[in-house]
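Make a model of this:
(chains A and B, ligands or ions: 1)
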Amino acid sequence: MGGTDPDLPDGVHLTAVDDLFAWGKEHSLFYLLFATACCGIELMQTGGPRYDVDRLGMIPRATPRQADLMIIAGTITHKMASRVRTLWEQMTEPRWVVSMGACANSGGPFSKASYSVLNGVDKVIPVDVYIPGCPPRPEALIDGVMVLRERVRRYRTLGLRDRDPQVIAGADDDFGTHPGKA
Amino acid sequence: MSGERMILNMGPHHPATHGVLRLEVETDGEVVAAVRPDIGYLHRSIEKIGERVEWAQFVPYTDRVDYVCAMNANHAYVLAVEALLAHDPATRLAIPRRAEAIRVLVAELNRISSHLIAVGAMAMDIGAYTPFLHAIAQREAVNDLFERLCGQRLTYNYMTVGGVAFDLHAGAEEQIAAFLGELEREMVRFNRLVTANAIFRERCAGVAVVGAAEAVAWGLSGPNLRGSGVAMDLRRDAPYGIYGELDVQVPVGEAYAGARGRVGDCYDRYVVRLLEILESVRLIRAVLGLLPPPAAKADDPVGGFQADATKALRAPPAGEVRVRTEAPRGEMAYILVSTGGRQPWRVRVRTGSFTACAMLGHLLPGVFLADVVAIIGSLDIVLPEVDR
Ligand code: SF4
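Numbers count the residues shown, from 1 in each chain, chains lettered A, B, ... in the order given. The predicted structure is shown next:
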């Protein structure tokens, strides 16, 4: 948010309305409780006591009309694709989409071999952040949400927003040794 | 009661259908008049993929047949492939005893974590959010263990044809023993919070009663069948792995809800799952007791963890096998057809959720609309098992 003017009395804060709204939006990203497949279990556990995304102001909502953020957790099949689109259309602007896991990103393990899986949810709705993994760890999901929050902060009324999708990945990540091969 | 019928669409996005099940519910006031389940929203053609990948490459896909209990799904598939290889003495594998024991160990651990999700989610569907968090907290402990074991929290790809991918890590046995103790204490708390809760019990008592004969006729299996009072458990009745050496007790539904309870109601199915968690704790302790010490060689017939199956899988015998196992959601059977090639000719998966889902259209008419989610929760339907 904007700065505090030292000449103002205590408790008075000057800021742009847009900044204030963005601050509010960033800290209350309600997400749609929407899980299609395996990644959904990790999404549920991210909401669980250990990772506790409630502390980030993220509360699951059952209906898209109350949600700001749609986390696509799991495989989207051709049969499901139009329903995903409908759900996305029911959300109010500003709305955000995080694609969680290989399936939502690209079809993942089913992209080549399966006849019934949509190769990436970005074929039906625009995606803001992609998180790789099969499934991504809860930490990776939270990382993706933090990147998204940057974006939400930069959002301006009238819908001026970043459009280029971002991918959570580190090419220089050190994955360490495999735990089974010590 | 009769009035104007209303059609209500539940799903495919509905927080209480545990995935992407769609129910077309015809209601008469508050009462359900007819239900048509619509499945296939998660049909990922896993069986067809089985015909395109090699025998060993299919193991990761079995994780995705049922991700809530991936270890049990692994177990069923590798047992089926091993049964196929055993058709020919040239390709028969000698599975190390330690590997067999580890398999049962992780399968039972996964059964616990799967049942935890089932009972937690059922309580959540009925309207109590906190129990779910307690269940998830315990599940995290199992996930930690599996992560140390094989590097994954959910889709393990741990079992291989011939054994398991890695031996137990150092300190695994103590870690498991500590977890079991903590789990037992937690289950006491959980029972105080949920099982003994009068509101929860009244809500589930006598709802959606499935009689023993009815359950058998509809092909229910696993805890759903046992909840109806039929003592049938493949771990005891058709043992595989080292289950034959273990003394498997089979809890069944006994109208646990008291005066209003009936054998085979929602509450019985719920209690049977809780009892099975405790039974698994007992089995794991027993397996830890007879686990042979590790050997230096990986394919040692006693202390090894993996027999080399590379050569056998290049030219498996032709034929057909059918292997049934007891997964947390009922019978998980693999039917494999081989023509002697490097890939299966046909992979067929049979799961417990499928039959449970088929029963919805029969079970739901006549109940109150609000009970629909409780019934789906008590049957513990997981959609990838249905759609595959
Ligand atoms: S990315 Fe992997 S874990 Fe996630 S839904 Fe797809 S198959 Fe399942």
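
B:L84 and B:E320, how far apart?
Applying CB to CB, to the nearest Å, the value for B:L84 to B:E320 is 8 Å. (C-beta placed from N, C-alpha, C; glycine too.)

Looking at these two, which one has more neighbours?
Using other CB atoms under 10 Å in any protein chain shown, the more surrounded residue of B:L84 and B:E320 is B:L84, with 26 against 13.

do stretch B:124-143 and the ligand meet at all?
No: contact check for stretch B:124-143 against the ligand, using CB under 6 Å from any ligand atom: none in range, with a minimum separation of 13.5 Å.

who touches that stretch?
Stretch B:124-143 is contacted by residues A:44-45, A:48-50, B:16, B:109-110, B:112-113, B:116-117, B:119-121, B:123, B:153-154, B:179, B:182-183, B:186, B:189-190, B:193-194, B:197, B:200, B:203-204, B:373-374, B:376-377 when judged by CB atoms under 8 Å, 6 or more residues apart in numbering or on different chains.

Show the buried residues in the residues you listed.
For the contacts of stretch B:124-143, a burial check counting by 16 or more other CB atoms under 10 Å in any protein chain shown picks out A:44-45, A:48, B:16, B:109-110, B:112-113, B:116-117, B:119-121, B:123, B:153-154, B:179, B:183, B:186, B:190, B:194, B:197, B:200, B:203-204, B:373-374, B:376-377.

How about the stretch 251-388 of chain B: which residue is closest to the ligand?
B:P384 (8.5 Å; CB to the nearest ligand atom).

Tell me the bridge partners for the spatially most central residue of chain A.
What sits nearest the mean C-alpha location of chain A, by CA atoms, centre = their mean, is A:V98, with 3.2 Å. Here A:V98 sits in beta bridges with A:I71, A:V129, going by DSSP bridges.

Which pLDDT does the model give it?
Each residue has a pLDDT score; the one for A:V98 is 90.

Among the contacts of stretch B:124-143, name the ones in helices.
With DSSP state H as the criterion, helices contain A:44-45, B:109-110, B:112-113, B:116-117, B:119-121, B:123, B:179, B:182-183, B:186, B:189-190, B:200, B:203-204, B:373-374, B:376-377 from among the contacts of stretch B:124-143.

Output the below-cut-off pLDDT ranges for chain B.
Under the criterion of pLDDT under 70, the regions of chain B flagged as low confidence span B:1-3, B:15-17.

can you pull out the strands in the stretch 101-250 of chain B?
Ranges of strands within the stretch 101-250 of chain B are B:159-160, B:163-164, based on DSSP state E, counting those that start in this stretch.

Residues touching the last one, excluding its own?
Applying CB under 8 Å, 6+ apart, the set of residues contacting strand B:163-164 from outside is B:95-96, B:99, B:102-103, B:106, B:158, B:298-299, B:304-307.

Pull up the residues of the stretch 101-250 of chain B that are close to chain A.
With the criterion set to CB under 8 Å from any CB of the partner chain, the stretch 101-250 of chain B comes near chain A through B:117, B:133, B:136-137, B:139-140, B:143, B:147-151, B:153-155, B:165-167, B:169-170.

I'd like to know which of these are buried.
B:117, B:136-137, B:139-140, B:143, B:148-151, B:153-155, B:165-167.

Neighbours of residue 62, how many?
I'll assume chain A. Neighbourhood size, A:A62 [other CB under 10 Å]: 14.

oops, chain B please
Applying the criterion other CB under 10 Å, we find 27 residues in the vicinity of B:T62.

Over to B:A213?
Around B:A213 sit 10 other residues, with neighbours defined as other CB under 10 Å.

Which residues are in contact with A:L69?
Counting by CB under 8 Å, 6+ apart, A:L69 makes contact with A:29-32, A:58, A:95-98, A:145, A:148.

how many neighbours does the spatially closest residue to it that is not a sequence neighbour have?
Spatial nearest neighbour of A:L69, excluding adjacent residues (CB to CB, 6 or more residues apart in numbering or on different chains): A:Y31 at 4.3 Å. When neighbours are counted by other CB under 10 Å, A:Y31 registers 22.

Need phi/psi at A:Y31.
Phi and psi for A:Y31, reported as degrees, to the nearest 10, are phi -110, psi 150.

quick one: it and A:M70 touch, right?
Yes: taking CB atoms under 8 Å as the contact criterion, A:Y31 and A:M70 are neighbours in contact, 7.1 Å apart.

What's opposite B:A327 in the beta bridge?
When bridges are assigned using DSSP bridges, the partners listed for B:A327 are B:G330.

where's it relative to B:H169, distance?
Where B:H169 is concerned, B:A327 sits at a distance of 25 Å (CB to CB).

can you list the residues of chain B near the ligand?
Contact residues (CB under 6 Å from any ligand atom) of chain B with the ligand: B:64, B:155.

Break chain B down into its structural domains.
Partitioning chain B according to automatic domain parsing yields domains covering residues B:1-41+B:354-388, B:42-344.

now these in CSV, with distance to A:D54?
Output for the domains of chain B, formatted as CSV (distance: least, CB to CB, whole Å):
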stretch, distance to A:D54
domain B:1-41+B:354-388, 16
domain B:42-344, 10
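
Out of the ones you listed, which is closest to A:R137?
When the domains of chain B are compared for distance to A:R137 using CB to CB, the nearest one is domain B:42-344, at 6.6 Å.

gap between the two ends of the closest one?
With CA to CA, to the nearest Å applied, domain B:42-344 spans 23 Å between its terminal residues.

which residues sit in contact with the closest residue to B:V207 other than its chain neighbours?
Here the nearest residue to B:V207 in space, its sequence neighbours aside, is B:C266; by CB to CB, 6+ apart that works out to 4.7 Å. B:C266 makes contact with B:204-205, B:207-208, B:374-375, B:377-378, according to CB under 8 Å, 6+ apart.

Could you do B:G227 as well?
Contacts of B:G227 by CB under 8 Å, 6+ apart are B:210, B:252-253, B:264, B:268-272, B:378.

Let's see that with 7 Å instead.
Taking CB atoms under 7 Å, 6 or more residues apart in numbering or on different chains as the contact definition, B:G227 lies against B:253, B:264, B:268-269, B:272.

Would you mind measuring from it to B:P131?
19 Å.
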